[in-house]
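Chemist: Fold the following.
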Amino acid sequence: MGLLHNVKAKLGPAKSKVSDLAQRHEDKIQHGLDKAAHVVDKRTKGKYSDRIHSGTDKAKSAMDRLAHKGGSGPDASGTTPPPGPGRTMPPDTGRTAPPRDAGGTSTPPPDAPPPTS
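Modeler: All right, here's what the predicted structure looks like:
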């Protein structure tokens with residue numbers, strides 16, 4: 001067994017306990033984050049207000065994911081989690097840039113006729 005596997009195995013029960021506590025005390029944690037953000041914002045005289053609020057929002061989002069143990073859909077950040085066992089990524093429907101040769105110019109797709117001068 002590798003070191004990472006051992007650490008994950010030992011932290012598994014702790015994560016479930018933390019998740020349970022976060023779920024039971026969610027309102028108190030949210031209030032504490034807001035209160036701490038307000039104090040820091042006041043002490044810095046609003047100089048870093050946007051960064052403080054951004055950090056507070058990220059902390060609340062992380063706490064929500066921990067408390068609710070996230071579903072299989074998109075998480076609170078709006079992104080889809082990476083594929084795990086039994087899940088696949090959606091097909092890539094985006095266009096890709098054409099390949100470039102050593103000189104940095106684009107090469108035409110294989111089915112296109114050669115350019116005329």
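Chemist: and stretch 33-51, how far apart are its ends?
Modeler: End-to-end distance for stretch 33-51: 14 Å, by C-alpha to C-alpha, to the nearest Å.
Chemist: And the helix-or-strand element of the chain with minimal mean pLDDT, what's buried?
Modeler: The helix or strand of the chain with the poorest confidence is helix 3-24; it has a mean of 85 (mean pLDDT, DSSP states H and E). Across helix 3-24, burial judged by 16 or more other C-beta atoms under 10 Å covers Ala22. The C-beta positions use only the backbone N, C-alpha and C, and glycine is treated the same way.
Chemist: Give me the contact list for it.
Modeler: Ile29, Met63, Leu66, Ala67, His68, Lys69 (C-beta atoms under 8 Å, 6 or more residues apart in numbering).
Chemist: just the buried members of these?
Modeler: Ile29, Met63, Leu66, Ala67.
Chemist: Just the element for the second one, please.
Modeler: Read it as Met63. helix 49-68 (DSSP states H and E).
Chemist: and that helix, what other elements does it pack with?
Modeler: Contact here means 3 or more C-beta pairs under 8 Å, 6 or more residues apart in numbering; DSSP states H and E; on that basis helix 49-68 packs against helix 3-24, helix 26-43.
Chemist: Let me know the average pLDDT across it.
Modeler: Helix 49-68 shows a mean pLDDT of 90.
Chemist: Other residues contacting it?
Modeler: Residues outside helix 49-68 that contact it (C-beta under 8 Å, 6+ apart): 18-19, 22-23, 26, 29-30, 33-34, 36-37, 40-41, 44, 75-77.
Chemist: That helix: which residues count as buried?
Modeler: Here helix 49-68 shows Ile52, Thr56, Ala59, Lys60, Met63, Asp64, Leu66, Ala67 as buried, counting by 16+ other C-beta under 10 Å.
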